[in-house]
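S.K.: fold the stuff below for me.
(2 chains)
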Protein chains: 2
Amino acid sequence: MRSVDIILKKRDGGVLGPDEIEFFVHGVASGSLPDYQASALLMAILLRGMTPEETTNLTDAMIRSGSRLDLSDISGPKVDKHSTGGVGDKSSLVIAPIVAACGALVPMMSGRGLGHTGGTLDKLESIPGFRTNLSIPEMKASLAAVGCALIGQSSAIAPADKKLYALRDVTGTIESIPLISASIMSKKIAEGTDALVLDVKTGAGAFMKTHAEARALAESLVRIGKSFGVKTQAVITAMDWPIGRAVGNANEVIESIETLKGRGPVDLVEGSLDLAERMLVSAGVASDRAGAKALACRAIDSGSAVEKFKAIIERQGGDPRVVDDYSRLPKAPKEHVVTAPSGGFVTGLDAGLIGRASVMLGGGRDTAEDAIDPGVGIIVVATVGDAVQKGDAILRLHYRDAMRLQAALPLIEQGTHVGPVRRPAKDLIVDEVV
Amino acid sequence: MRSVDIILKKRDGGVLGPDEIEFFVHGVASGSLPDYQASALLMAILLRGMTPEETTNLTDAMIRSGSRLDLSDISGPKVDKHSTGGVGDKSSLVIAPIVAACGALVPMMSGRGLGHTGGTLDKLESIPGFRTNLSIPEMKASLAAVGCALIGQSSAIAPADKKLYALRDVTGTIESIPLISASIMSKKIAEGTDALVLDVKTGAGAFMKTHAEARALAESLVRIGKSFGVKTQAVITAMDWPIGRAVGNANEVIESIETLKGRGPVDLVEGSLDLAERMLVSAGVASDRAGAKALACRAIDSGSAVEKFKAIIERQGGDPRVVDDYSRLPKAPKEHVVTAPSGGFVTGLDAGLIGRASVMLGGGRDTAEDAIDPGVGIIVVATVGDAVQKGDAILRLHYRDAMRLQAALPLIEQGTHVGPVRRPAKDLIVDEVV
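M.R.: Just a heads-up that it's a prediction; the model follows:
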């Protein structure tokens, strides 16, 4: 088999066979396929597409580039969630403790922020001492002990994905539904979960800008999950402005803890409960959504959810006292307030631009090597739909470096809109694929 | 400027600006742009295309990656020809001496065979001692002394093309009209010719399989040439079966010499005269085609064309005695005769497959590093349209290695067709772009 023939076949719109896909993925993982051939094939895949069968075979080859975990020695239903990436989306930090407190096991492997979106690992690591790089045995022990493990991608899991993702990032080949599908699902299937709930974001702050694209991705993800025997469903949610009131890392941890204490912002609560309910039903802990909602609300009201988060933090080496004392979390020393230029209503807070501004302040990264400043971030004082008087605070920017603030402000200005007419409310949950 | 943004722009069907194209070509030439980004962009260009203006800018950037020769200190009109590559196409070896004998100067930079097509340099190097790697000063001295220089691409000429071509070859990005156009024309414009006649092949043995593709390429090439002030025209010629009776290297040199002596096969003579006439008119040596034809025929009849070839060979270090003594050229020791399985007419000799078979025998190369056996090759005893009896020879294969013969025979069998009905004659010259 010659790699150039595989490239030519896909370039001309052909369908690759399982052996050709295996040759490609194995070549990438082992380093035997030069990057320049891999990137040419990635571009051809992006522009020519892949059939559902090709996408499943790609996922399969990526799973087989590493180990598929067997969690059957830990009794209990395992369920995970995955989000395609948003701004201010801290729902993993809310959902994992709730679902674990209700009795399901949550073996959650998350990613870091890249581009304008935040990442669960970065948020967790703003908790002093919190270790996300657990080994597989440590992960299994945590799962058995506290019902949850919040970790980064192990090098044992889908190693081909790590190399492919790095190459896609620098060759303009991220935005391909088959490539995104195989990347997400290879990791989720290999981590050994029984059930999976996917949160596919759509809108200005999402990778999938339109409902149609988000729907196509959701269908692709669900189809792959089911074909590997994982109970999979997807919900499509709006990502036009930031979720909740905090964008950053430590400030998102605080908002998550507040939500676990029953004091969360309405959109974050609604989105988190929807996903948690689906997970509990999927895992068989509840027989229907109403029962799942009752369980989840009881976990919040009784304090068992926030206690579970404390236990998870402690188990993973973090300082559990942050839950009761937010001053133990890092916070940038300076604040800049963005005010309303006129009275009226906040009509837009572009999630893409606000997310970019947070990266500029130091809260995200442009390349995988960039360091993150966990204490910087943005607090949304008045969100879309809120009434403001001229001079009222809309955003509070917490920053450390004035140069970075100057770089962030034009994005903020471009992304913040005030007008005379209140924008009609929009559903957070747009669609589902079950 | 970020290279990934250039890739994204072309990927999404955008038009690249001159600065972006310059960034890409300079990056490739200097090595500052990683191969994996260059190949992703090449695939995006192949699948999304380029406007005529982008293609001109690409050509310009590739010319400026090296020197553009100034031949104005050598008096006389300079004219060159270029073929997009065929099987059995030795017309450069015929035309260069004829045109030089008629008084035009021929600064011809040629390529090596790659894939199923032969290359002028490989053919010339089957002449003992012949040097194709003349320096630029040597080339200019030859041009002044004998009116012709037959050389390989100098590293001073369009160095970006050499790197890009090598990358295209291994990433499935050869067959793009903008990329082919810029590759050919950057070298031809940089070599300093005043006029240029292009032979664009179409058919089973050509890179451009259809007339429409060949026409599009011809138009692109002519447009670029004119925009750089080079008098350019193109002729589109059929490449369905081998041209003439010889496919290989030394055997093609013999057929070229026979043609210069007035004993060439009709299709080779017709095609070579057509191109030579256009070159002579373009160069201003003749005022019209009829006058050019008279000049060219007189050069053959008088022996001045074959004497010019001798002078070129001697000037470039080769043994001029080969012209009168073909036994001084290499010849493979063994022969295998392919015979007609039944009586009738030869109805097909697939140029692509015959070309591949010649490569298999050792007459061509699969990678740029492969060595060539100049003495192997194929003699077409009965070509398309010829009547044959059962058992008559159709092809004679000259080979050295029985293993290579066994690899070549299935291609020969697949490419050779005999049937009861004579195939109607087909025009060699299909179309022109002037």
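
S.K.: show me which residues of chain A are close to chain B?
M.R.: Listed as neighbours of chain B in chain A under the rule C-beta under 8 Å from any C-beta of the partner chain: A:3-4, A:7-8, A:11, A:34-40, A:42-44, A:46-48, A:167, A:169-173. Every residue, glycine included, has its C-beta placed from N, CA and C.

S.K.: if we go to 7 Å?
M.R.: Where chain A comes near chain B, counting by C-beta under 7 Å from any C-beta of the partner chain, the residues are A:4, A:7-8, A:11, A:35-37, A:39-40, A:42-44, A:46-47, A:167, A:170-173.

S.K.: in helices, which of those fall?
M.R.: A:4, A:7-8, A:11, A:35-37, A:39-40, A:42-44, A:46-47, A:167, A:170 (DSSP state H).

S.K.: taking these together, which two end up most distant?
M.R.: A:Leu8 and A:Val170 (23.4 Å; C-beta to C-beta).

S.K.: returning to what we had before: top of the ones in helices among the residues of chain A next to chain B by number of neighbours, please.
M.R.: A:Ala40 (36 neighbours; other C-beta atoms under 10 Å in any protein chain shown).

S.K.: would you confirm that that residue contacts B:Asp169?
M.R.: No. Contact criterion C-beta atoms under 7 Å: A:Ala40 and B:Asp169 do not qualify, at 11.4 Å.

S.K.: A:Thr347 is in what secondary structure piece?
M.R.: Element membership for A:Thr347, per DSSP states H and E: strand A:344-349.

S.K.: for that strand, give the mean pLDDT please.
M.R.: The predicted model assigns strand A:344-349 a mean pLDDT of 96.

S.K.: what lies in contact with the next helix or strand after that strand?
M.R.: Once the chain leaves strand A:344-349, the next helix or strand it forms, by DSSP H and E, is helix A:351-358. For helix A:351-358, contacts defined as C-beta atoms under 7 Å, 6 or more residues apart in numbering or on different chains pick out A:87, A:116-117, A:203-205, A:239-242, A:247-248, A:364, A:377-378, A:408, A:411-412, A:414-415.

S.K.: outside of stretch A:13-29 itself, list whatever touches it.
M.R.: Contacts of stretch A:13-29 (C-beta under 7 Å, 6+ apart): A:1, A:3, A:6, A:9-10, A:33, A:38, A:41, A:48, A:51, A:54, A:57-58, A:61-62, A:65, A:159-160, A:163-164.

S.K.: run the chain-centre distance for that stretch.
M.R.: With C-alpha atoms, centre = their mean, to the nearest Å as the basis, stretch A:13-29 stands 28 Å off its chain's centre.

S.K.: how close does the residue in the stretch 251-400 of chain A that chain B sits nearest to get to A:Met360?
M.R.: Among the residues of the stretch 251-400 of chain A, A:Asp366 lies closest to chain B, at 10.1 Å counting by C-beta to the nearest C-beta. According to C-beta to C-beta, to the nearest Å, A:Asp366 and A:Met360 sit 9 Å apart.

S.K.: the two: which is more packed in?
M.R.: Higher neighbour count among A:Asp366 and A:Met360: A:Met360, with 25 against 12, using other C-beta under 10 Å.

S.K.: number of nearby residues for the closest residue to the more buried one other than its chain neighbours?
M.R.: Closest residue to A:Met360 in three dimensions, ignoring its sequence neighbours and counting by C-beta to C-beta, 6 or more residues apart in numbering or on different chains: A:Ala408, at 3.9 Å. Neighbour count of A:Ala408, defined by other C-beta under 10 Å: 25.

S.K.: what of A:Arg289?
M.R.: When neighbours are defined as other C-beta under 10 Å, A:Arg289 has 14 of them.

S.K.: the nearest residue to it once chain neighbours are set aside: what's it in contact with?
M.R.: Distances taken as C-beta to C-beta, 6+ apart place A:Glu277 nearest to A:Arg289, at 5.0 Å, with adjacent residues excluded. Residues in contact with A:Glu277 (C-beta under 7 Å, 6+ apart) are A:Arg289, A:Ala292, A:Lys293, A:Ala296.

S.K.: buried by neighbour count, from those: which ones?
M.R.: Neighbour counting by 16 or more other C-beta atoms under 10 Å in any protein chain shown classes A:Ala292, A:Lys293, A:Ala296 among the contacts of A:Glu277 as buried.

S.K.: tabulate these in a markdown table, adding columns for distance to A:Met108 and pLDDT.
M.R.: Output for the buried ones among the contacts of A:Glu277, formatted as a markdown table (distance: C-beta to C-beta, whole Å; pLDDT from 0 to 100):
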| residue | distance to A:Met108 | pLDDT |
| --- | --- | --- |
| A:Ala292 | 18 | 98 |
| A:Lys293 | 21 | 98 |
| A:Ala296 | 17 | 98 |
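
S.K.: any chance of the residues you listed in TSV, plus secondary structure?
M.R.: Listed next are these as TSV, based on DSSP: H, G, I helix; E, B strand; the rest coil:
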residue	secondary structure
A:Ala292	helix
A:Lys293	helix
A:Ala296	helix
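
S.K.: how about the strands in chain A?
M.R.: Counting by DSSP state E, chain A has strands at residues A:79-83, A:106-110, A:148-152, A:195-202, A:231-238, A:246-248, A:334-339, A:344-349, A:377-380, A:387-388, A:393-399, A:416-419, A:429-433.

S.K.: by mean pLDDT, flag the weakest helix or strand of chain A.
M.R.: Using mean pLDDT, DSSP states H and E, helix A:159-170 stands out as the lowest-scoring helix or strand of chain A, at a mean of 91.

S.K.: with just CA atoms, put it into CSV.
M.R.: The C-alpha coordinates for helix A:159-170 follow below in CSV (Å, rounded to 0.1, in the frame of the first residue of the first chain):
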residue,chain,number,x,y,z
PRO,A,159,-2.4,8.3,21.1
ALA,A,160,-3.1,8.7,17.4
ASP,A,161,-5.6,11.4,18.2
LYS,A,162,-3.1,13.5,20.1
LYS,A,163,-0.7,13.6,17.1
LEU,A,164,-3.5,14.1,14.6
TYR,A,165,-5.1,16.9,16.6
ALA,A,166,-1.8,18.8,16.9
LEU,A,167,-1.3,18.5,13.1
ARG,A,168,-4.9,19.5,12.4
ASP,A,169,-4.5,22.6,14.6
VAL,A,170,-1.6,24.0,12.4
